[in-house]
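>>> My questions are about this predicted structure, shown below with the sequence.
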Amino acid sequence: MTVRHTGNGLQLTRSHRSTNPVPVKRSWRGAFTAVVAAVVLCASVTLLLTGVSVVPAAAEGPCPPRASMPAYSGGRELLVRTEPVRGSTALLHLCADPAIGPVRAWEISTARPGTIAVQRVAESVALAAVPLRTDRRMDLVVTVRPGSGQPLTFKFSVRG
């Protein structure tokens, strides 16, 4: 029952409730969230079980700083990366500092008699095959002759 105050006095109204309740609209939000969560879970488990490998970052050129040994001369840097010794020869990657500019000639000398061949492969990159046995150390002197300016001499040791 409802009582209302009107200008003529009190008014009583009787309201009857419907015996059939109004159905509540169903939301699909919960079902949609459950389906999305199931798909994400399935994808994660599949990736874990198949062992998808993460590709390591590519090396930064022939002489990446983390894998190379630096040598200094005249405020300039030479990066040297040694590949594993095969037989009695080690392959050296020589990378000159970009501030040196294009390199005209490369020379490598050791305490042993004989010459070491150096092949220029780019303006400031060269390869050299050094006679070196496993578990031995060798002192090397690399002379870099830039396109202009004085030659630079870098001294370092290489271990096989």
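Sure, I can see it.
>>> biggest strand in this structure by residues?
For the chain, the strand that runs over the most residues, judged by DSSP state E, is strand 137-146.
>>> I'd like the mean pLDDT over it, please.
Averaging pLDDT along strand 137-146 gives 90.
>>> Check which helices and strands that strand sits against.
strand 76-82, strand 89-96, strand 103-109, strand 152-159 (3 or more Cβ pairs under 8 Å, 6 or more residues apart in numbering; DSSP states H and E). Backbone N, C-alpha and C define where each C-beta goes, glycine included.
>>> CA-only coordinates of it, as CSV, when you get a sec.
The C-alpha trace of strand 137-146 is given here as CSV (Å, rounded to 0.1, in the frame of the first residue of the first chain):
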residue,chain,number,x,y,z
ARG,A,137,100.4,-16.7,-25.9
MET,A,138,101.9,-14.5,-28.6
ASP,A,139,102.7,-10.8,-28.5
LEU,A,140,101.7,-9.0,-31.7
VAL,A,141,102.4,-5.5,-33.0
VAL,A,142,99.9,-4.1,-35.5
THR,A,143,100.9,-1.1,-37.6
VAL,A,144,98.0,0.7,-39.2
ARG,A,145,98.7,3.1,-42.0
PRO,A,146,95.7,5.5,-42.4
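>>> Between strand 76-82 and that strand, find me the angle.
If you take axes from the mean of the first three to the mean of the last three Cα atoms, to 10 degrees, strand 137-146 sits at 130 degrees to strand 76-82.
>>> from the chain's centre, how far out does strand 137-146 sit?
Taking Cα atoms, centre = their mean, to the nearest Å, one finds strand 137-146 lying 31 Å from the centre of the chain it belongs to.
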